[in-house]
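**Student:** the amino acid sequence is not available; the structure is as follows:
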Ligand SMILES: NC(=O)c1ccc[n+]([C@@H]2O[C@H](COP(=O)([O-])OP(=O)(O)OC[C@H]3O[C@@H](n4cnc5c(N)ncnc54)[C@H](OP(=O)(O)O)[C@@H]3O)[C@@H](O)[C@H]2O)c1
C-alpha cells in the first residue's frame, strides 16, 4: 500500500508534535516528507533526522522555504500547525500548489477564508479542518447533509477562569491563564481559551468554513471537553461527536478523510476509568465577564474586514498581556476599541487587502495600548 506523504508546518509546536506522534505510530500508512519550524533550529534538526526528511526554518528561509519544500517533497497533505497570522501565507502556498490542506491554523480562515476556499476550488484540493470543534462539525454535516442543518453548536471548555468573579479576573496572571483544565496547547491559543477569544475565532471560522450565518452558531460551555461540537438538524434533533480531548483524533481524521481507519488512540467510553459513568455538564457562556465572545459574533455578522481586525488586535493585546503590559480584562478592551475606532471595509477583495487591514488594525491596537 502506498503511504500518504505528510508535510508538517510548525512541527515543533503542539499540533506539530501531535502530528509527528501519529506519523511515528502509523508509519505503515504515513510518511513524513518534510518539516518546518520558525526559530527552534535544534528541535527541527532532531525531527528532520528522526524522519530522514528535508526541513525549512522560516526565520532563516522565509516562506520561500515552505514553497520550495512543497514543490520538492511532493506531499499528499500539508498539516498547517503554525501559530497565528503567520500561518496564512503557507496555507495559500499549499492550496496554490493544489495540495490538500489539513488546517489547524484557524487564522487562515478568519483572515482570508473566502480567498483561500476559492483558490482551493480552482486548484482542485481540499481544506480539512483540524480544529477539534470544526473537525466534529465537518464530520457531522457530512453525515447529516448540509441542507438539513439548522444550527451548529460549538462547545467550549470555559478555560481556567470559568468560575472566576469579574473582580478576581482583574488580577489573574499569565501563569494562571496558561493552566488550561483539559487541553495541552501552545501559549497563544491557551490564553485565547482563557478569554474565550479562541471560541470567538472559532465562531468566525465556523461561519466561513460551513457557510452559515452567525445567528446559526451557538456556543455552549462544556467543561469536560469530551463533546467536541454538535449540529441540530431541521427536525430539531441534535447530533454530537464524543472523544477524549486529544488533538490526535481530529488530526488523524483529517489525514484519513474521507475514510475511517482503526486507530491506535484510546477508544472513547462513557464509563470512565474508575468504573463510574462520566458526568457531562453544560452552561451558558458568561459573556459579560468574557466579552471576546460577543465581539466575535459582532465581527462574524459584520464580516468583510472585521474578522481580520478581531484577529490582529487580539494578537497584539495577548502579546501585551504576556509581556505584563496590560491586565487580563484589558485584552478585550483593546480589541473592542480597535473594532470601534474606524469604519472598517465591508468587503475584502485580495490577499494584499487582507495584509493591509491586518497591519492597520495592529497599528491602531498598539496606539491604544500606548495611551
Ligand atoms: N494546540 C492545539 O491543541 C490546537 C487546537 C486547535 C487549533 N490549534 C491551532 O493550531 C495552530 C498552532 O497552535 P499550537 O498550539 O500548535 O502552537 P504552538 O505550540 O505555539 O506552535 C506553533 C508552531 O508554529 C511555528 N511558528 C511560529 N511562528 C511562526 C512563523 N512566523 N512562521 C512559521 N512558523 C511559525 C513554531 O515554530 P518555533 O517552535 O520554531 O517557534 C511552532 O512550530 C494555531 O493556529 C492554533 O489556534 C491548536
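**Tutor:** Perfect, thanks for sending it. Here the structure is a predicted model, which means the values were calculated and not measured. Residues are numbered from 1 along each chain as shown.

**Student:** quick one: contacts for the residue in the stretch 251-371 of the chain that the ligand sits nearest to?
**Tutor:** With Cβ to the nearest ligand atom, the shortest gap between the stretch 251-371 of the chain and the ligand falls at residue 251, namely 9.3 Å. Glycine gets a C-beta too; all of them are placed from N, C-alpha and C. In this structure, residue 251 makes contact with 15, 18-19, 22, 79, 102, 104, 130, judged by Cβ atoms under 8 Å, 6 or more residues apart in numbering.

**Student:** how near is it to residue 12?
**Tutor:** According to Cβ to Cβ, to the nearest Å, residue 251 and residue 12 sit 16 Å apart.

**Student:** got phi/psi on whichever residue of the stretch 1-150 of the chain sits closest to the ligand?
**Tutor:** Closest to the ligand within the stretch 1-150 of the chain is residue 13: 1.9 Å, counting by Cβ to the nearest ligand atom. Dihedral pair for residue 13: phi -90, psi -170, per degrees, to the nearest 10.

**Student:** which ones are touching it?
**Tutor:** Per Cβ under 8 Å, 6+ apart, neighbours of residue 13: 37, 81-83, 186.

**Student:** now do residue 324
**Tutor:** residue 174 are the contacts of residue 324 under Cβ under 8 Å, 6+ apart.

**Student:** is it in a helix, a strand, or coil?
**Tutor:** coil (DSSP: H, G, I helix; E, B strand; the rest coil).

**Student:** enumerate the residues of the chain near the ligand.
**Tutor:** Contact residues (Cβ under 6 Å from any ligand atom) of the chain with the ligand: 10-16, 37-40, 58, 81-83, 86-87, 104-107, 131, 183, 185-187, 189, 247.

**Student:** report the buried members of these.
**Tutor:** 10-16, 37-38, 58, 81-83, 86-87, 104-107, 131, 183, 185-186, 189, 247 (16 or more other Cβ atoms under 10 Å).

**Student:** quick check: residue 321 touching residue 191?
**Tutor:** Yes: assessed by Cβ atoms under 8 Å, residue 321 is found in contact with residue 191 at 6.7 Å.

**Student:** what touches both of the two?
**Tutor:** With Cβ under 8 Å, 6+ apart, residue 321 and residue 191 have common neighbours 174, 177, 331.

**Student:** which one of those is nearest to residue 278?
**Tutor:** Using Cβ to Cβ, residue 177 comes nearest to residue 278 of the shared contacts of residue 321 and residue 191, at 26.6 Å.

**Student:** quick one: low-confidence residue ranges for this protein.
**Tutor:** For the chain, no stretch has pLDDT under 70.

**Student:** centroid residue for it?
**Tutor:** Nearest to the geometric centre of the chain sits residue 106, at 3.5 Å (Cα atoms, centre = their mean).

**Student:** what residues are up against that one?
**Tutor:** Counted by Cβ under 8 Å, 6+ apart, residue 106 has contacts 131, 134, 201-202, 205.

**Student:** could you do residue 77 as well?
**Tutor:** Residue 77 neighbours (Cβ under 8 Å, 6+ apart): 4-7, 99-102, 128, 254-255.

**Student:** repeat that with 6 Å
**Tutor:** 6, 100, 102 (Cβ atoms under 6 Å, 6 or more residues apart in numbering).

**Student:** show the buried residues in those.
**Tutor:** Counted by 16+ other Cβ under 10 Å, those give 6, 100, 102 as buried.

**Student:** so how far is residue 237 from the residue lying closest to residue 87 once chain neighbours are set aside?
**Tutor:** Using Cβ to Cβ, 6 or more residues apart in numbering and skipping the chain neighbours, the partner closest in space to residue 87 is residue 105 (3.2 Å). Separation of residue 105 from residue 237 (Cβ to Cβ) stands at 33 Å.

**Student:** ditto for residue 229
**Tutor:** 15 Å.

**Student:** can you check residue 251 too?
**Tutor:** Going from residue 251 to residue 237 by Cβ to Cβ gives 29 Å.

**Student:** just residue 359 next, same as before
**Tutor:** 45 Å.

**Student:** quick one, which of those two is more surrounded?
**Tutor:** Taking neighbours as other Cβ atoms under 10 Å, residue 359 and residue 237 compare with residue 359 leading, 13 against 10.

**Student:** I'd like to know which elements whichever strand or helix holds that one is packed against.
**Tutor:** According to DSSP states H and E, residue 359 maps onto helix 351-370. Helix 351-370 sits against helix 106-122, helix 306-322, helix 328-341, with contacts defined as 3 or more Cβ pairs under 6 Å, 6 or more residues apart in numbering; DSSP states H and E.

**Student:** ok, the residue of the stretch 51-200 of the chain found nearest the ligand - contacts?
**Tutor:** The minimum distance from the stretch 51-200 of the chain to the ligand, using Cβ to the nearest ligand atom, falls at residue 186 (2.6 Å). If a contact means Cβ under 6 Å, 6+ apart, then residue 186 has 13-14, 83 as its contacts.
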